[in-house]
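Colleague: Model the structure of this input:
(one chain, ligands or ions: 1)
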Amino acid sequence: MKKREREFFHKMLKRQIADLTRKSDIALAGLLDSTIHSADPMDRASEQLERDFALRMLDRDNKLIMKIKKALKKIEDESFGICEVCGEEIDIERLKLRPVTELCIGCKTHQEKLEKLTCE
Ligand SMILES: [Zn+2]
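Modeller: All right, here's what the predicted structure looks like:
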C-alpha cells in the first residue's frame, strides 16, 4: 500500500473513532442519567427495553472502536490492508467501504461459507 493511501485510511479511521467515542459518551451519559422511576409497569417495561437497546448499541460501538484501534496499529506497522489469512493485499475499494476489514474478499467468502456449513 502506498504512503498516500495509508494516510488516507489513517485520517478516515481517526475520524471514525472520534465520532464513535463521542456518540457512546453521550449514550453512556444518557444511560447513567435515566433511572427507572415510572410507577406504571408498562412504562417501566418500555424504559427497560430502551435501556437494553442503548446498552447493545454501546456494546457494538465499543467492539467497533476496538477494531478501529487494531486497524490504526496495523497502519503504523504497515500491515494494514493485508489479508490475515492468505497475506494478499485487500482490494482498496473494499477497504474504503469497510476499513476495519481483515480479510480479502476471497477469504471472507470462504469463511462465510464455512460458517454457514457449521451453522446448518
Ligand atoms: Zn485472503
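
Colleague: Could you pull up the contacting residues of the closest residue to residue 82 other than its chain neighbours?
Modeller: Distances taken as CB to CB, 6 or more residues apart in numbering place residue 89 nearest to residue 82, at 6.2 Å, with adjacent residues excluded. Glycine gets a C-beta too; all of them are placed from N, C-alpha and C. When contacts are counted by CB atoms under 8 Å, 6 or more residues apart in numbering, residue 89 touches 1, 81, 82, 83, 104.

Colleague: PyMOL command to pick out the buried ones of these?
Modeller: With 16 or more other CB atoms under 10 Å as the criterion, this PyMOL line picks the buried residues out of the contacts of residue 89:
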select buried, resi 1+81+82+83+104
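
Colleague: so which of the contacts of residue 89 also contact the ion?
Modeller: 83, 104 (CB under 5 Å from the ion).

Colleague: Correct me if wrong: residue 6 contacts residue 79.
Modeller: No - the criterion here is CB atoms under 8 Å, and residue 6 misses it with residue 79 at 10.7 Å.

Colleague: In terms of neighbours, single out the busier of those two.
Modeller: Between residue 6 and residue 79, counted using other CB atoms under 10 Å, the more crowded position is residue 6 (16 against 12).

Colleague: Helices along this protein, start to end?
Modeller: Taking DSSP state H as the criterion, the chain carries its helices at 3-33, 41-76, 92-97, 105-119.

Colleague: Would you mind putting the CA coordinates of stretch 105-120 into CSV?
Modeller: Below are the C-alpha coordinates for stretch 105-120, written out as CSV (Å, rounded to 0.1, in the frame of the first residue of the first chain):
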residue,chain,number,x,y,z
ILE,A,105,-13.0,-10.9,-0.5
GLY,A,106,-11.9,-14.5,-1.4
CYS,A,107,-11.1,-15.5,2.2
LYS,A,108,-14.2,-13.7,3.5
THR,A,109,-16.5,-15.5,1.1
HIS,A,110,-14.8,-18.8,2.1
GLN,A,111,-15.1,-18.1,5.8
GLU,A,112,-18.8,-17.2,5.4
LYS,A,113,-19.4,-20.5,3.5
LEU,A,114,-17.7,-22.4,6.3
GLU,A,115,-19.8,-20.5,9.0
LYS,A,116,-22.9,-21.4,7.1
LEU,A,117,-21.9,-25.0,6.9
THR,A,118,-21.2,-25.2,10.6
CYS,A,119,-24.5,-23.5,11.5
GLU,A,120,-26.7,-25.7,9.4
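
Colleague: With that, I have no additional questions.
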